[in-house]
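Peer 1: dropping a prediction and its sequence here:
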Amino acid sequence: MEDKLCFFCHCVPDGLCECGLAYCNLHKQIHKPGDYCFPFKVSEREGVGRFLVATRDIRPLELVLWDKAAVVGPGPETLPVCVQCLVRLTPDHVLCSSCNLPLCGAECMNKKEHNDECQIFSKDRFKDELILLLLFTLVYLYIVLQDRFKDDPSLLLMFTMISKFFLDELNLTWTNTEEIHHIVGVLMTNGFENDYNGTTARALYPTLSLASHSCIANLRHAVVPGKQVALQAQDFIAKGTELCIRYTHLLQTSLKRRTQIKNSWYFDCTCARCTDPTEFGTLASSVYCPLCRVGLMLPQNSLQYSINFLTKYKSLLPPSNCYIVISKRYIHASTGNSPDSPISSLRTEELEDKIRFYRSFLRYLGNLDPGYSQHSALATLELSKAEVELFKREMKLEKRIWIEEEETNGENGIKESGKIKSKIQNFLKHQMFVQTQAHRCLRKVGMSKANSSTGVEQKTTFTSCE
C-alpha cells in the first residue's frame, strides 16, 4: 500500500515517475530535481518513526540524496559572526540600520537571508513572537533537561527564574508543552554542525534529518561549506535496505558511542556493531585480563550502560582498543608529515613501525568502515608514502649491487641488474596506482568547491562508481 502513495509524505499521489515511484506535487522536486531520480523513499515504523529506505540497488559512491539547509545559524560555541554570511566579525563591522543586528559590511545588508529576519526584528509588533521563540528553548530545556541540572543548583535556579519570568510576567499561555517539545526537539536533535566561512555553523536539513543512525553506516554525508549536503553510498546497498549515517565518531568504544547517542539523541543504539561485543572481530572495546595480562576480556552484555568496563580496566588496554588505535593513528599521522620533519628524516625502524601500523589499521577499518571510506583512503596514502620511502632506501643498496654486477660479470651482470631495475619500475608503478586510487576515492567522498551549487548539476560527480 505504501508504494501506491507519495514516496515522501504518503498522501494520495499526483503522478508516477518513470522509475516507478509515486509522488505528490509538493515533493516531486525532492525525488527528481533534474534528470536524476534519487533512489530512496520514506518509510515509518513504530518505535523508530520515519526513516529512509533504498528503492533499488545502489552502487558504491552513487549519489543517494541532495539536500539544502532550511535554517543555518552560528554554532553553539563560536565567536560573534555576521548574521548574513556567518563570517567572524572584525572591529570595523556594521550594524543593520533597520534591526541593529551585526553585519560584516554593507554588502550583506540587503541580501535575502538577512532581509527575511530583518523584517521581523525591526518591527515592534513582532517582539512577542521573538520572546516566544526564546521561551520555546528555555521551557524545553527546563522541562526535559532539569534532571541534568540537579548537580548544579545555580544552573537550575537560573533556568527556574528565566522560565518563571516568561510564564508569569509575560503571561504567554496560548502555547502547550507538546509544541515546545516538538519544535525545540527538532532543532536540538536534527541539527548538523559544519564549517561555514571559517566558523562553526549549525544547519537543519529537512530530508537528511530522516536518515537513521548506525555505527556501521552504509551512507556517508559530504557537507558543502554552507548550506548544502550530499549523501553517497559508501558500499553496495541492496533494494529495501534502511539507509543509515553515523552520528558518532568511528573510533569510539561501544560504551562511549552509546552513551553519547543516549545523551544527545535520546535513543538506545542497538545496531549490529553495538550488539556484537567483539565489534566484528576488531575487539575495539576489549581490555587485557587483569590476572594473566595476556587474554582479552569483553563485557558480557555490550548493551548495558552500567558496565563501565573501560573505566575499571583502563590500565589494561590492548592494541586493538579504540583509544590505543586513535593514539597510534595521531602519532603516525604527525610523524614525517611536516616541513621540519619530512618522511625522509625518519629512521628505518620508524618507517617499518609506521608501515606495520597502517597495514593493521586498514584491516581494522575494513571491518568497522567497509566500502569507500575516507579513513581508509587517507591511511592508504600514508602507508604508500612510507613504503615508497623505505623502498628507496633499500634500492640504494640494490643500485650499488647492480653496478658492481655490470662491472664484474659482464653480460650476466647486465641481466641481473635489469631484473633489479624492472623490480623498481614495477614497485613504483604499483605505488603510483595505489596513490591515484586513494586520491580518487577522496575526491569522490568529498565535495569539490569548484562544483556548481545546485544538486542537479553536481549529480555527475557522484553517480559513477568507476
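Peer 2: Structure received. Since we're looking at a predicted model, the values are computed, not measured.

Peer 1: count of neighbours near residue 18?
Peer 2: For residue 18, the neighbour count with other Cβ atoms under 10 Å is 7. C-beta: built from backbone N, CA, C; applies to glycine.

Peer 1: could you do residue 14 as well?
Peer 2: Using other Cβ under 10 Å, residue 14 is surrounded by 13 other residues.

Peer 1: list the contacts of it.
Peer 2: Residues in contact with residue 14 (Cβ atoms under 8 Å, 6 or more residues apart in numbering) are 6, 23, 24, 25, 28.

Peer 1: in CSV: these, plus neighbour count, secondary structure and distance to residue 231.
Peer 2: Converted to CSV, these look like this (neighbours: other Cβ atoms under 10 Å; DSSP: H, G, I helix; E, B strand; the rest coil; distance: Cβ to Cβ, whole Å):
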residue, neighbour count, secondary structure, distance to residue 231
6, 23, coil, 20
23, 23, strand, 19
24, 17, coil, 22
25, 10, coil, 24
28, 18, helix, 19
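
Peer 1: check what pLDDT the nearest residue to residue 333 once chain neighbours are set aside gets.
Peer 2: Of all residues not flanking residue 333 in the chain, residue 382 sits nearest, at 6.7 Å (Cβ to Cβ, 6 or more residues apart in numbering). For residue 382, the model assigns a pLDDT of 90.

Peer 1: the bottom helix or strand of the protein by mean pLDDT?
Peer 2: None of the helices or strands of the chain scores lower by mean pLDDT, DSSP states H and E than helix 455-463, at a mean of 29.

Peer 1: ok, residue 289 touching residue 298?
Peer 2: No: here residue 289 lies out of contact with residue 298, judged by Cβ atoms under 8 Å, at a distance of 10.6 Å.

Peer 1: distance check, residue 240 against residue 54.
Peer 2: Residue 240 is 6 Å from residue 54, where distance means Cβ to Cβ, to the nearest Å.

Peer 1: which one of these two has more residues nearby?
Peer 2: Applying other Cβ under 10 Å to residue 240 and residue 54 shows that residue 54 carries more neighbours, namely 20 against 11.

Peer 1: and that one, how close does it get to residue 267?
Peer 2: From residue 54 to residue 267 the distance is 22 Å (Cβ to Cβ).

Peer 1: quick one: residue 202 and residue 193 touch, right?
Peer 2: Yes: with contact defined as Cβ under 8 Å, residue 202 counts as touching residue 193 (5.2 Å).

Peer 1: need the overlap of contacts for those two.
Peer 2: residue 75.

Peer 1: for stretch 346-357, output the C-alpha coordinates as PDB.
Peer 2: Output of stretch 346-357 as PDB, limited to C-alpha atoms (Å, rounded to 0.1, in the frame of the first residue of the first chain):
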ATOM      1  CA  LEU A 346      62.500   9.100   9.900                       C
ATOM      2  CA  ARG A 347      64.700   6.300  10.900                       C
ATOM      3  CA  THR A 348      64.300   3.000   9.100                       C
ATOM      4  CA  GLU A 349      62.800   1.500  12.300                       C
ATOM      5  CA  GLU A 350      60.300   4.300  12.500                       C
ATOM      6  CA  LEU A 351      59.300   3.700   8.800                       C
ATOM      7  CA  GLU A 352      58.800   0.000   9.400                       C
ATOM      8  CA  ASP A 353      56.700   0.700  12.500                       C
ATOM      9  CA  LYS A 354      54.600   3.200  10.500                       C
ATOM     10  CA  ILE A 355      54.100   0.600   7.800                       C
ATOM     11  CA  ARG A 356      53.100  -2.100  10.300                       C
ATOM     12  CA  PHE A 357      50.600   0.200  11.900                       C
END
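
Peer 1: ok, residues contacting it?
Peer 2: 328-329, 332, 335-336, 343, 382-383, 386-387, 389-390, 393.

Peer 1: in ChimeraX, select just the buried ones from those.
Peer 2: Here is the ChimeraX command that selects the buried residues among these (16 or more other Cβ atoms under 10 Å):
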select :328,329,332,335,336,343,382,383,386,387,389,390
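
Peer 1: helices of the stretch 201-350 of the chain, start to end?
Peer 2: Counting by DSSP state H, counting those that start in this stretch, the stretch 201-350 of the chain has helices at residues 254-265, 272-275, 309-312, 322-334, 348-368.

Peer 1: mind putting those helices into a markdown table with mean pLDDT?
Peer 2: Formatted as a markdown table, the helices of the stretch 201-350 of the chain follow (pLDDT from 0 to 100):
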| stretch | mean pLDDT |
| --- | --- |
| helix 254-265 | 85 |
| helix 272-275 | 92 |
| helix 309-312 | 60 |
| helix 322-334 | 84 |
| helix 348-368 | 91 |
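
Peer 1: and these as TSV, adding distance to residue 71?
Peer 2: Output for the helices of the stretch 201-350 of the chain, formatted as TSV (distance: least, Cβ to Cβ, whole Å):
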stretch	distance to residue 71
helix 254-265	19
helix 272-275	31
helix 309-312	37
helix 322-334	33
helix 348-368	33
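
Peer 1: now the stretch 1-150 of the chain, which segments are flagged as low pLDDT?
Peer 2: Residue ranges of the stretch 1-150 of the chain with pLDDT under 70: 1-3, 76-77, 119-150.

Peer 1: what are the ranges of the strands in it?
Peer 2: Using DSSP state E, counting those that start in this stretch, the strands of the stretch 1-150 of the chain run over residues 15-16, 22-23, 40-45, 49-54, 63-68, 71-74, 94-95, 102-103.

Peer 1: which one of those strands lies nearest to residue 211?
Peer 2: With Cβ to Cβ as the measure, strand 49-54 is the member of the strands of the stretch 1-150 of the chain nearest residue 211 (5.5 Å).

Peer 1: which strands or helices does the closest one pack on?
Peer 2: Secondary-structure packing of strand 49-54 (3 or more Cβ pairs under 8 Å, 6 or more residues apart in numbering; DSSP states H and E): strand 40-45.

Peer 1: which other helices and strands contact the strand it packs on?
Peer 2: strand 49-54.

Peer 1: got the angle for the strand it packs on vs strand 40-45?
Peer 2: 140 degrees (axes from the mean of the first three to the mean of the last three Cα atoms, to 10 degrees).

Peer 1: buried stuff in strand 49-54?
Peer 2: 51, 52, 53, 54.

Peer 1: quick one: that strand to strand 63-68, angle?
Peer 2: Relative orientation of strand 49-54 versus strand 63-68 (the same axes, to 10 degrees): 130 degrees.
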